[in-house]
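Enquirer: what shape does this take:
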Amino acid sequence: MQQYHVAISAEAFAAALFAQAGCEVSVQYGANQPGYDLVVARGDSHALVSVKGSKDGGWGLIQSFKNKGNSYFEAIDLWLKKHSRANLIFCLVQFKDTQFGDMPRIYLAKPEEMADYLKASRGKHGYTSLRERYIWQGGIAKGSVDTIPEAWCFTIARLEKLMPIDPTTTSAA
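Expert: Okay, the predicted model is just below:
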């Protein structure tokens with residue numbers, strides 16, 4: 001799969017999983033998207049969802065914020081400032097080691113959770129990419145393991161935590 005196919009597939013799988021979870025899903029297509037790909041509604045709760053697909057085990061998020069004049073932590077803080085919206089959720093879709101027709105692994109995280117993960121990465125020295133599972137073989141982080149929290153897996157419980165609804169509403173399944 002080329003990167004274009006990864007992006008399209010990730011968005012389609014994400015939309016399908018939100019719909020299967022009983023959400024109303026609106027998909028944005030086009031070049032001028034305002035920082036999110038899906039609008040998801042669940043009862044009286046709604047979220048803007050930024051879908052990030054990957055086929056190599058990680059998601060490069062912070063590279064454009066990191067330069068020689070700032071630290072990894074400063075770059076992460078700049079990224080977080082740009083993505084701080086109360087109703088923004090990132091949906092991370094991973095195709096590495098999946099076969100054609102198989103469901104990719106999908107995670108849900110708030111920007112603040114991702115920033116905390118990125119700061120804890122690379123032996124708590126910070127890093128620009130969020131990795132599903134990575135063992136550092138050398139450098140200052142030698143022996144450290146970065147692993148996405150299991151709690152981020154897209155489950156109904158995770159969705160309910162990120163998008164709680166009033167139990168008296170009837171539009172969510």
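
Enquirer: and stretch 90-110, how far apart are its ends?
Expert: In stretch 90-110, first residue to last residue: 6 Å (Cα to Cα, to the nearest Å).

Enquirer: so for that stretch, what gets flagged as buried?
Expert: Neighbour-count burial for stretch 90-110, with 16 or more other Cβ atoms under 10 Å as criterion, is recorded at 90-95, 104-110. C-beta here means a position set from N, CA and C on the backbone, and glycine is covered the same way.

Enquirer: what of stretch 152-165?
Expert: Buried positions in stretch 152-165, judged by neighbour count with 16+ other Cβ under 10 Å: 152, 154, 158-159, 162-163, 165.

Enquirer: any residues touching that stretch, and which ones?
Expert: For stretch 152-165, contacts defined as Cβ atoms under 8 Å, 6 or more residues apart in numbering pick out 17-18, 21, 23, 40, 42-47, 89, 91-92, 105-110, 113, 151, 172.

Enquirer: distance from the chain centre to it, please.
Expert: In terms of Cα atoms, centre = their mean, to the nearest Å, the gap separating the centre of stretch 152-165 from the centre of its chain is 13 Å.

Enquirer: if we can go back for a sec, tell me which of the buried residues of stretch 152-165 fall in helices.
Expert: Taking DSSP state H, the ones among the buried residues of stretch 152-165 that sit in helices are 158-159, 162.

Enquirer: looking at those residues, which is nearest Gln33?
Expert: Closest approach to Gln33 among these (Cβ to Cβ): Leu162, at 20.6 Å.

Enquirer: the closest one and Ala86: what is the separation?
Expert: Distance of Leu162 to Ala86, given as Cβ to Cβ, to the nearest Å: 11 Å.
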